[in-house]
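Quick one, fold the following:
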Amino acid sequence: MERATKQKWKHGGDTQMQEKTAVLESTKGVERDRQYMRNVYNTLSKDNRKKLEVYAAALRRTQLAHEGAD
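Numbering: from 1, shown residues only. Alright, predicted model coming up:
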């Protein structure tokens, strides 16, 4: 599965999903969590996936702004 996913990304896959996966993979012991999150993400409709990605991007911007203010 891992190899197929990486190959998909080499061909223009979802950059935000790559980012999420990179964060999850950098933490030990989260293989089941990573699979669970991928399954949840895959069950969302295309519209809801877009809403989630927009929300996640806004949350990241907010977190970065707060880190810069410290």
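
pull the helix or strand with minimum mean pLDDT from this protein.
When each helix and strand of the chain is scored by mean pLDDT, DSSP states H and E, helix 2-10 comes last, with a mean of 49.

Contacts only, for R61.
By CB atoms under 8 Å, 6 or more residues apart in numbering, R61 lies in contact with nothing. C-betas here are computed from N, CA, C, even on glycine.

Helix or strand: which one has it?
Assessed by DSSP states H and E, R61 sits inside helix 46-69.

Can you mark which positions in that helix are buried?
49, 53 (16 or more other CB atoms under 10 Å).

Where does pLDDT dip in the protein?
For the chain, applying pLDDT under 70 flags the ranges 1-14, 20-30, 69-70.

if we go to 50?
1-2, 5, 7, 9, 11 (pLDDT under 50).

ok, so what distance separates N39 from Q63?
25 Å (CB to CB, to the nearest Å).

swap in A56?
On the measure of CB to CB, A56 and Q63 end up 10 Å apart.

Q16 too?
Taken as CB to CB, the span from Q16 to Q63 is 15 Å.

again with V54
From V54 to Q63 the distance is 15 Å (CB to CB).

same deal with R34?
Counting by CB to CB, the gap from R34 to Q63 is 21 Å.

Same check on M37?
With CB to CB as the criterion, M37 and Q63 are 18 Å apart.

Could you verify my assumption that Q16 touches V54?
No - between Q16 and V54 there is no contact under CB atoms under 8 Å: 9.9 Å.

overlap in contacts of the two?
Common neighbours of Q16 and V54 (CB under 8 Å, 6+ apart) do not exist.

if I pick E31, what's in contact with it?
So E31 contacts nothing (CB under 8 Å, 6+ apart).

can you give me the angle the host helix or strand of M37 makes with helix 46-69?
Assigned by DSSP H and E, M37 falls within helix 31-43. For helix 31-43 against helix 46-69, the angle by axes from the mean of the first three to the mean of the last three CA atoms, to 10 degrees is 130 degrees.

and helix 31-43, which residues are buried?
R38.

Grab the CA positions of that helix and hand them over as PDB.
Output of helix 31-43 as PDB, limited to C-alpha atoms (Å, rounded to 0.1, in the frame of the first residue of the first chain):
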ATOM      1  CA  GLU A  31       0.500   3.100  11.800                       C
ATOM      2  CA  ARG A  32      -3.100   2.200  12.900                       C
ATOM      3  CA  ASP A  33      -3.900   5.900  13.400                       C
ATOM      4  CA  ARG A  34      -2.600   6.700  10.000                       C
ATOM      5  CA  GLN A  35      -4.600   4.000   8.400                       C
ATOM      6  CA  TYR A  36      -7.700   5.000  10.300                       C
ATOM      7  CA  MET A  37      -7.300   8.700   9.200                       C
ATOM      8  CA  ARG A  38      -6.800   7.600   5.600                       C
ATOM      9  CA  ASN A  39     -10.000   5.500   5.700                       C
ATOM     10  CA  VAL A  40     -12.000   8.300   7.300                       C
ATOM     11  CA  TYR A  41     -10.600  10.800   4.700                       C
ATOM     12  CA  ASN A  42     -11.500   8.400   1.900                       C
ATOM     13  CA  THR A  43     -15.100   8.000   3.000                       C
END
